[in-house]
Every structure is written in structure tokens, then in C-alpha cells.
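A.B. asks: quick one: sequence and predicted model below, then my questions.
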Amino acid sequence: MSIESRLAELGLELPPAPKPVGNYSAAVCAGDLLFISGQFSVVNCGLRYTGRLGAELSETEGYAAARAAALNVLAQIHAALRGFERLDKLARVEGHVASAPGWNNAPRVLDGASDLFVAVLGERGWHTRTAFTPASLPLNFAVELAVTAHIKPQP
Amino acid sequence: MSIESRLAELGLELPPAPKPVGNYSAAVCAGDLLFISGQFSVVNCGLRYTGRLGAELSETEGYAAARAAALNVLAQIHAALRGFERLDKLARVEGHVASAPGWNNAPRVLDGASDLFVAVLGERGWHTRTAFTPASLPLNFAVELAVTAHIKPQP
Amino acid sequence: MSIESRLAELGLELPPAPKPVGNYSAAVCAGDLLFISGQFSVVNCGLRYTGRLGAELSETEGYAAARAAALNVLAQIHAALRGFERLDKLARVEGHVASAPGWNNAPRVLDGASDLFVAVLGERGWHTRTAFTPASLPLNFAVELAVTAHIKPQP
């Protein structure tokens, strides 16, 4: 089954790939790696998940925030590679969760991203994960994901 | 001398490679790189170094915490590559040290990891390092390491 | 125009590449990637930009701090590759900006680095960017940059 069919089956639609907010690129291919700029917890350029886990946001909201950021990562991959054919696999996912003092359940929140990657990409969605719990993120976002993927050579 | 002999000589034993705490992989090979999920300051799945430098932990404890996380990194490499033969060299080590306000001696603490890598791996243990001092880390750990290594082609 | 001429045209001089402050390397080549250790906001080993945006530092100072760190990145690339010929392109720039609670204009500050990379390296200076706003950075620095570049094979 194609990635696009699987997205449809899951009732998901790729949002437009978010544009950079400065003098840089959303994605860069370097050899067999695709580097993707930090993606935030914003739904289809509209609803923004902002604030901290353990204070302004519940863990259920945090899970949804991580899932929204992961969907933006998929949109960037799709835009950079003009589809998913050239994606070999995700390699590294860094998950940053804005956290109030004393809250430390980042793994539960970041599964919102990991579950989506595995559901949509199957085998190709398996990834390493590194979790962080900073006191805040840029623009007050709740979740930021930095992803590096492995790609196949251009045909 | 093999890496295994050097570990023995230093009186070190590789712990079991820590299992992921979510829907992701402990390590992923992508081309000639090995990405390793964030490793924490836990000794052989038992004693956990938690808390912040400059508050709950001394710098001596921080050094030991970084060393413990580094040993977990070695365990992940060994598990992923079924030994150390295919390891060409470490490339990038990110060291995150939970820090109380005003404390900023991360280099001294992270040498606990760097010293171990160089002692065990010799030339192959040299690495770039990037230090961070967040207010907290997931699960209240004192140190987290994110490592990328360069590997040799499969024979 | 060579990178060196462009630097001169912009009135810039490469500082000496800052030395590591621990048991690690300033830069490591791994396959076609060049990993560079975290570079800080220090001008030519002298003036240090320290403190937090939104408290001790203005955004104009933050922009200059990011630019200073970016110039150190260029110095490391130049030292590691003995010039800029082998640099294919920057791939990933992580920008960490020490931030007081409530301040969240990291993109504006990090453009200090991005603008410099693009001005000096032209096409080769385009990069992905991932922004972070920790409460503090090692040694109280205002900005830290972690850069990965793509390099051409050795001739």
C-alpha cells in the first residue's frame, strides 16, 4: 500500500509544508541524508499548540501536539522529495517538549509523533528518538521535532 | 588490543543495551552512519543519576553520571553492530546536563563521557562535542547523550 | 569569487578556530559529512556575548552574538578542510539561544547566523535550521551553534 493510501486510510491529509521563518531552507539533501528544519506543533498552519506540559497543556494535548508536528515533518519530506518513493527510512527524531518544573513524562507525549510515523510509514517509520524537556521553545510552541531521514539515490 | 580486552583492562563491563521507552528503536543504521537514541545516566539498568548539577548533584557525581551514560552508548553500539568491528569512529556527541540556575561547568561533567570514549575506543573514540545545560531532562535524569557514529560497510 | 574574497569584501576576517574545552575534537569528518563541535558567541577569542535574551541582552546584541558564533563555525570548517574548496554545503544548523522566561523571538536572533552563512557562502550557505530557547547555555554563553556540513570527496 502506498504511503498516500495509508494516510487516506488513517483519515489524514498532509498539510502544506510550513515555510521557514527566517533566512534558511525547510529541507536540505546532503548525500544520502535529508535534513529537515525544526517542525512545530501547529495544525495545518492554523491551530497552534503552545504552552508547557505540566502547566498549560495536558498530556493528551501534548500527544496531539507531537502528532501535529510529526505530520508537518511528513509534509516536509513529501515536498522535498516530491513524494515518498525516495524515502528509505527515518533515522533520527529529536523531540523537544516544553515542560513545567516537575513534569517529566516526555516519552508519553513523544509517542504522539512516533506512533504516527510508524502508522503511516510502516517499517520505514522506525527511528531513533532523543527526548528533551526544555523550559520553553521558540514562539512558545509545545513541541518541536528535528528529523533526519535516509534517502535512496535519485533514479 | 580489541575493544573488549580494553574494557576488561579498565575493569568495565558492558551493561545490557537499555530498551527504548516508547514506540521507537534504540539504534538505526542509515548508510554509513549509526544513529543512537538518547542514552541516560543509569548504571546497568539499576542506579539512576537524577537531579541537577549545582543543586542535587556534585560535579564528581555528574562526571560519573556522564560516564554511565557513555557506557550505555557503547552497549547500544555493541548491540546494533554485534560487536565493535564495524565501528569506524564516533562522530558526534551531544551532551545534555541538567543544570540549576547559575551552574555552568558542563565541560567538566561531560569529560566523564569523553574520557571514557577515548579510553575505551582509542583513536576511534575521538568525537565532536556539543554541550547543553537544560533546566531538566526526561525522567529527571542528570545527563543525556545523543551520539552519531560512522560505520564501515558490511563485509 | 572565492569564499576568502567574499569574506574580505564583507570586511570579515576568520578568527583562529576555537580550541575544544575538553577531551574531544573541534571537528570530525565522517564519510561525506563534517561534524563541528558546538560553537559559541565569542568574538575572535576575546569579547564574549553572555547572558539571556529578554534579560541581559537586546535582540540586536543577540543577532551579533549569533553572527559571532557563525564566524567561529566558518573558522572551524576552514581549519578542518584547510580551506573552503571541499565544502559542498552546510546541511544542518541548530541554533540555541539563552532565553529569559517570556522571550521568544529566536528566529530574529538566529538570522544573525543564517544571514552570515548565506552572505559568505552563497548557494553553499543554505541550510536547515532548528531553533531552541534554553534557560541557559554552557559557560553562560548567549548563543551556541551546532553545525553539520556536507563535503566533497578528497581529490
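C.D. replies: That came in fine, so what should we check first? Numbering: from 1, shown residues only, chains lettered A, B, ... in the order given.
A.B. asks: near chain B at all, the longest helix seen in chain A?
C.D. replies: Using DSSP state H to define each element, chain A has its longest helix at helix A:59-81. No: interface with chain B: helix A:59-81 contributes nothing (CB under 8 Å from any CB of the partner chain), its closest point being 10.6 Å away. For glycine as for every other residue, the C-beta is placed from the backbone atoms N, C-alpha and C.
A.B. asks: gap between that helix and the chain center?
C.D. replies: In terms of CA atoms, centre = their mean, to the nearest Å, the centre of helix A:59-81 is set 4 Å apart from its chain centre.
A.B. asks: repeat for stretch A:113-129
C.D. replies: With CA atoms, centre = their mean as the basis, stretch A:113-129 stands 10 Å off its chain's centre.
A.B. asks: quick one: end-to-end distance for it.
C.D. replies: Start to finish, the residues bounding stretch A:113-129 are 10 Å apart (CA to CA, to the nearest Å).
A.B. asks: is that stretch anywhere near chain B?
C.D. replies: Yes: against chain B, stretch A:113-129 shows contacts by CB under 8 Å from any CB at A:114-115, A:118, A:126-129.
A.B. asks: name the residues of that stretch that are buried.
C.D. replies: Buried residues in stretch A:113-129, defined by neighbour count with 16 or more other CB atoms under 10 Å in any protein chain shown: A:113-121, A:124-129.
A.B. asks: can you give me the strands for chain A?
C.D. replies: Using DSSP state E, the strands of chain A run over A:27-30, A:33-40, A:87-97, A:128-132, A:143-151.
A.B. asks: tell me the average confidence for the longest helix of chain A?
C.D. replies: Regarding helix A:59-81, the rounded mean pLDDT is 98.
A.B. asks: touching chain C at all, stretch A:41-52?
C.D. replies: No: Stretch A:41-52 lies apart from chain C when judged by CB under 8 Å from any CB; the minimum separation is 9.5 Å.
A.B. asks: who's in contact with that stretch?
C.D. replies: With CB atoms under 8 Å, 6 or more residues apart in numbering or on different chains as the test, stretch A:41-52 has contacts from A:15-16, A:18, A:40, A:56-57, A:61-62, A:64-66, A:68-69, A:71-72, A:98-100, A:103, A:135-136, A:139-144.
A.B. asks: ok so, going back, any idea which of the buried residues of stretch A:113-129 is closest to A:L90?
C.D. replies: A:H127 (4.0 Å; CB to CB).
A.B. asks: doesn't A:S114 make contact with that closest one?
C.D. replies: Yes: using CB atoms under 8 Å, A:H127 is in contact with A:S114, at 7.1 Å.
A.B. asks: so for the two, which residues contact both of them?
C.D. replies: A:93, B:24.
A.B. asks: now the element among helices and strands of chain A having the smallest mean pLDDT: buried residues?
C.D. replies: Every helix and strand of chain A was ranked by mean pLDDT, DSSP states H and E. The lowest is helix A:3-9, at a mean of 95. By 16+ other CB under 10 Å, the buried positions in helix A:3-9 come out as A:3, A:7.
A.B. asks: please compute how far it lies from its chain's middle.
C.D. replies: 17 Å.
A.B. asks: wait, what's in contact with the closest residue to A:G95 other than its chain neighbours?
C.D. replies: Leaving aside its sequence neighbours, A:G95 sits nearest to A:L110 (CB to CB, 6 or more residues apart in numbering or on different chains; 4.0 Å). Residues in contact with A:L110 (CB under 8 Å, 6+ apart) are A:66, A:93, A:95, A:97, A:129, A:131, A:143, B:22.
A.B. asks: check the residues you listed and tell me the two furthest apart.
C.D. replies: A:V143 and B:G22 (14.1 Å).
A.B. asks: who has more neighbours, the two?
C.D. replies: Set A:V143 next to B:G22 and count neighbours by other CB atoms under 10 Å in any protein chain shown: A:V143 wins out with 31 against 18.
A.B. asks: could you check how far the more buried one is from chain C?
C.D. replies: Distance, A:V143 to chain C, using CB to the nearest CB, to the nearest Å: 13 Å.
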